[in-house]
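Asker: after the sequence you'll find the predicted model.
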Amino acid sequence: WGGTPMLTLPAEKMATRVAYSLLYAAGPEFAEALVVRNLTEYEERAVQLGTDPEQLFQLRMRLEETRLTNPLFDTQRWVRNMEQGLQEIWSNYADNNPRQDVYVQDVLETSTVQELKSTVQTGEDAEAYAHQHSM
């Protein structure tokens, strides 16, 4: 995480499409602000951001805020989801099942549901808990 917004023009090279994906995953507002459709628009947006330090600063601050809450920046969550997917693949292989697609439920959603069930069982206020832990 470098903290610098990246302007991108999705094209034939995979890196440009990855940049678009990352910006969209950070939030549609970032894709709208930083993904362009052609070289002319790329130059215009680069000049606009380069000559308007306040706009660039605001964009950087919104990215910084997003970094604290967006799943794109949650490495531990990603790793736990990846581990779950690999475990499912291994289980299918070990059980001699044919290859199949694997769909992983987000571990954060799973753990939140489990925590909520536990909270309800212990008599805590489930509505307050859900509100406190909502995204």
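Answerer: Right, received. Where do you want to start? Numbers count the residues shown, from 1 in each chain.
Asker: elements contacting the lengthiest helix in the chain?
Answerer: Secondary structure of the chain per DSSP state H: the longest helix is helix 75-94. Applying 3 or more C-beta pairs under 8 Å, 6 or more residues apart in numbering; DSSP states H and E, we find helix 75-94 packed against helix 107-121. In short, each C-beta sits where N, CA and C put it, glycine included.
Asker: in the helix or strand hosting Tyr42, which residues are buried?
Answerer: Element membership for Tyr42 (DSSP states H and E) is helix 39-51. Across helix 39-51, burial judged by 16 or more other C-beta atoms under 10 Å covers 45, 49.
Asker: just stretch 67-78 next, same as before
Answerer: By neighbour count with 16+ other C-beta under 10 Å, stretch 67-78 contains the buried residues Leu72.
Asker: confidence score at the residue minimising distance to the centre of the chain?
Answerer: By C-alpha atoms, centre = their mean, the chain has its centre lying nearest to Leu72, at 2.5 Å. Looking at Leu72, its pLDDT stands at 81.
Asker: check Ala25 too.
Answerer: Per-residue confidence (pLDDT) for Ala25: 86.
Asker: please apply the same query to Glu65.
Answerer: Note on Glu65: pLDDT of 87.
Asker: what helix or strand is it located in?
Answerer: Assessed by DSSP H and E, Glu65 sits inside helix 53-67.
Asker: returning to what we had before: distance of the residue nearest to the centre of the chain from Leu63?
Answerer: Counting by C-beta to C-beta, to the nearest Å, the gap from Leu72 to Leu63 is 11 Å.
Asker: so what sits against both of the two?
Answerer: Ala26 (C-beta atoms under 8 Å, 6 or more residues apart in numbering).
Asker: run through who's touching the helix holding Tyr42.
Answerer: Applying C-beta under 8 Å, 6+ apart, the set of residues contacting helix 39-51 is 5, 7, 9, 34, 36, 55-56, 59.
Asker: equivalent analysis for stretch 52-71, please.
Answerer: Outside stretch 52-71, the residues that touch it by C-beta under 8 Å, 6+ apart are 1, 3-5, 25-27, 29-30, 33-34, 48-50, 73, 77-78, 106, 108, 135.
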